[in-house]
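J.: Generate a structure from the sequence data that follows.
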Amino acid sequence: MNPDELDNFLSLRSYINGFSYSYADLALFNKIKEGFPDNCRNKRNISRWFGHIKVLSTNNKPKLSTCLISSKSDDTDMSLDQLILNKLADCKEIDSLHFASERNLDHQKVVGAIKSLVALPGNYVEVNQQQTSNWDLTDEGKLFMCNGSYEYILYNSIPKDGILQKELMKIANAKIGFSKAMTLGWIKIDKSHENGPTVFRKAENVSDVVKDLLTAIQDKKSVSDKQIQDLKKRKLISPIISKFYLVSKGQGFKTTIEKPEADLTFEMLQDNSWKEKTFKEYNFSAKGSPIASGYLHPLMKVKSEFRRIFLDMGFSEMPTSRFVENGFWNFDALFQPQQHPARDAHDTFFISDPEMTCSTQFPEDYLTRVKETHEEGGYGSTGYNYDWKISEAQKNILRTHTTAVSAKMLYLLAQEKEFKPAKMFSVDRVFRNETLDATHLAEFHQIEGVVADKNLTLGHLIGVLSAFFKKLGLEKLKFKPAYNPYTEPSMEIFSYHPGLKKWVEIGNSGMFRPEMLLPMGIPKDVNVIAWGLSLERPTMIKYGINNIRELIGPKVNLNMIYENPICRLHKM
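T.: Predicted coordinates for the structure are as follows:
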């Protein structure tokens, strides 16, 4: 270490008040005491250190205490873990926070060096993790400490002859300051004053206790628990937890680091040096490096399982690539009246551009039959008896259910010369103007199954639903009668959610009405059973998620996506 570096190093150390020098100090002193270098005599800190050690060395023996000089003459080129070992050679224990502060180092780097020493074989050091809790001023607290509390500023703004309350409340943060000052009894208000409500000083002299307490906390002085809680409630202070390590010598402590060899090399075998080497032990239980890859969202995992189950049951998938649908296929074709509440803006998202679908895109004969069924009835129904408007049917919307796709597919099925039984399904996104809560979002996925065959009954529907949900591992089911404009009879499907500890609606089902099927051209002896459910709720049940906003949206924890296992629903 050259004289300038040594002088700067000593300038950061106090060796006057209670300093007991170390062996390293004495070794350097004995080395230079006979001929004190000329280039050191004009160095103020070196001269003071030399004189101090000279006096102490005649009366006291060196102690293993805080040392000024490292056991090496130059520590600038040493690794951090080596510095820690050298420091520990002259001390019983090292505080990582103090060590980092003493050398103006990043504490996290010091912690990393300590952990690397712990990882070395041979028990170089022993480590004990500690924790301290302190309080720090918030931005508002720092403002209070500089300018004073709101109540103190407000009190000093009141002249001796009082001030109108409305004028006083123009001061910044006057509302808070007024409330606190009234509570403390510093001020009073005369509401019967001739000029209107007037505020006067009630206390002669006041002191800004809040500012004094914040100053005390800033200076690391003692403050009572009650005062701490009061300041915390006002959000003037915030807790700071500091973690650090106490490092002491291990059974195999030494100042030289001997890292074990990781590989047996050709050179070691050639010169037999391997016999004197220490080798790192193999860790046969260590996991391999994770392969960088994409991750499937739990929704996509469950979606693929639903597709597999439908395909295993002999269903074919319907095309569902159109998010934007028109009112005709989404509502009118399903025998849903145009004045139905579901067609209002508070339940459906309407498209502004393009606002309408061209009327030529609808099958003309089918459109006429749908119009007549709505207005006058038919097929055993009296209809809704209202003036059906094609302008309502032309409105473009974000589809509210995938049943619009089912209606199109059933219409195409009816156009075939000879009816053939069909089993179809879809899994895709739908949109509804819902109120957001733990189980509802405005955008979600709908799963839909449709079976068309002759002489189907409600019993067939319940049997198919039981078999379908059993494949999902959901055997606790309940069916509740319900109303749908396009199914009769209709049933809501419930499953028990162990996380929420209640029955949760997971789907809807029913048999399509004749008013929907017969205008398409479906034969009279053919019935169609259908059911729909969301993809999100079964996923929540499967993965134990209680809030849908933890599955989709900005509150999603990405680790949930990385760590959740592959979805495997029960095969029955």
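
J.: residue ranges with poor pLDDT in the stretch 51-200 of the chain?
T.: Applying pLDDT under 70 to the stretch 51-200 of the chain flags residues 51-77.

J.: mind listing the helices for it?
T.: Per DSSP state H, counting those that start in this stretch, the stretch 51-200 of the chain carries helices over the ranges 80-89, 96-102, 107-119, 139-147, 150-156, 165-168, 174-184.

J.: Tell me where the model's unsure across the stretch 451-572 of the chain.
T.: For the stretch 451-572 of the chain, the ranges with pLDDT under 70 are 564-572.

J.: What segments of it are helices?
T.: Under DSSP H, counting those that start in this stretch, the stretch 451-572 of the chain gives helices at 458-471, 514-517, 536-543, 558-563.

J.: Out of those, which is closest to residue 79?
T.: Shortest distance between residue 79 and the helices of the stretch 451-572 of the chain, using C-beta to C-beta, is found for helix 558-563: 34.5 Å. C-betas here are computed from N, CA, C, even on glycine.

J.: Output the closest one as CSV, restricted to C-alpha atoms.
T.: C-alpha atoms of helix 558-563 as CSV (Å, rounded to 0.1, in the frame of the first residue of the first chain):
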residue,chain,number,x,y,z
LEU,A,558,-46.9,-15.5,-13.6
ASN,A,559,-45.4,-18.2,-11.3
MET,A,560,-48.9,-19.7,-11.3
ILE,A,561,-48.6,-20.2,-15.0
TYR,A,562,-45.0,-21.6,-14.8
GLU,A,563,-45.5,-23.9,-11.9
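
J.: Hmm, residue 148 is touching residue 209, no?
T.: No. Checked against C-beta atoms under 8 Å, the pair residue 148 and residue 209 is beyond contact range at 10.8 Å.

J.: tell me the strands in the stretch 251-400 of the chain, going along the chain?
T.: 316-317, 324-326, 396-398 (DSSP state E, counting those that start in this stretch).

J.: Mind giving me the packing neighbours of the shortest one?
T.: Using 3 or more C-beta pairs under 8 Å, 6 or more residues apart in numbering; DSSP states H and E as the contact criterion, the secondary-structure elements in contact with strand 316-317 are helix 298-312, strand 422-431.

J.: again, 7 Å this time
T.: strand 422-431 (3 or more C-beta pairs under 7 Å, 6 or more residues apart in numbering; DSSP states H and E).

J.: ok, and what's touching the strand it packs on?
T.: Here strand 422-431 makes contact (C-beta atoms under 7 Å, 6 or more residues apart in numbering) with 303, 306-307, 310, 314-318, 320, 323, 349, 398-402, 405, 409, 413, 442-452, 535.

J.: Could I get the buried residue list for it?
T.: Buried residues in strand 422-431, counted by 16 or more other C-beta atoms under 10 Å: 422, 424-428, 430-431.

J.: nearest to residue 514, of those?
T.: The closest of the buried residues of strand 422-431, once distances to residue 514 are taken by C-beta to C-beta, is residue 422, at 17.9 Å.

J.: What is the neighbour count of residue 492?
T.: Residue 492 has 17 neighbouring residues, counting by other C-beta atoms under 10 Å.

J.: about what we covered before: buried only: go through the contacts of strand 422-431 for me.
T.: Buried among those by 16+ other C-beta under 10 Å: 303, 306-307, 310, 315, 318, 320, 398-402, 405, 409, 413, 444-452, 535.

J.: hmm, back to that, reformat the strands of the stretch 251-400 of the chain as TSV; add mean pLDDT and distance to residue 332.
T.: TSV is the format used below for these (pLDDT from 0 to 100; distance: least, C-beta to C-beta, whole Å):
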stretch	mean pLDDT	distance to residue 332
strand 316-317	94	25
strand 324-326	93	9
strand 396-398	93	12
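
J.: quick one: which of the ones you listed is nearest residue 159?
T.: Comparing the strands of the stretch 251-400 of the chain by C-beta to C-beta, strand 396-398 comes nearest, at 63.8 Å.

J.: Output the contacting helices and strands for the closest one.
T.: strand 324-326.

J.: Who does the strand it packs on pair with, and is each partner parallel or antiparallel?
T.: Strand 324-326 has its sheet partners listed here by DSSP bridges as strand 396-398 (antiparallel).

J.: picking that back up, okay if I get the strands of the stretch 251-400 of the chain as TSV plus distance to residue 172?
T.: Listed next are these as TSV, based on distance: least, C-beta to C-beta, whole Å:
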stretch	distance to residue 172
strand 316-317	64
strand 324-326	52
strand 396-398	47
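
J.: among those, which is nearest residue 46?
T.: Here strand 396-398 is closest among the strands of the stretch 251-400 of the chain (C-beta to C-beta), at 80.3 Å.

J.: So what touches that closest one?
T.: By C-beta under 7 Å, 6+ apart, the residues outside strand 396-398 that reach it are 323-327, 330, 348-351, 354-357, 431.

J.: do that again at 6 Å, thanks
T.: Under the criterion C-beta atoms under 6 Å, 6 or more residues apart in numbering, residues 324, 326, 348-351, 357, 431 lie in contact with strand 396-398.

J.: Now find how far off-centre that strand is within its chain.
T.: 33 Å (C-alpha atoms, centre = their mean, to the nearest Å).

J.: Alpha carbons of stretch 111-125, as CSV, please.
T.: What follows is stretch 111-125 as a C-alpha-only set of coordinates in CSV (Å, rounded to 0.1, in the frame of the first residue of the first chain):
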residue,chain,number,x,y,z
VAL,A,111,-23.6,-11.2,1.7
GLY,A,112,-22.7,-13.0,-1.5
ALA,A,113,-19.1,-13.4,-0.4
ILE,A,114,-20.2,-14.7,3.0
LYS,A,115,-22.4,-17.3,1.3
SER,A,116,-19.6,-18.4,-1.0
LEU,A,117,-17.4,-18.9,2.1
VAL,A,118,-20.2,-21.0,3.7
ALA,A,119,-20.5,-23.1,0.6
LEU,A,120,-16.8,-24.0,0.7
PRO,A,121,-16.0,-27.5,2.2
GLY,A,122,-14.0,-27.5,5.4
ASN,A,123,-16.3,-25.3,7.6
TYR,A,124,-14.3,-22.0,7.1
VAL,A,125,-16.9,-19.8,8.8
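
J.: Just give me how far that stretch sits from the chain centre.
T.: 33 Å.

J.: Good, wrapping up.
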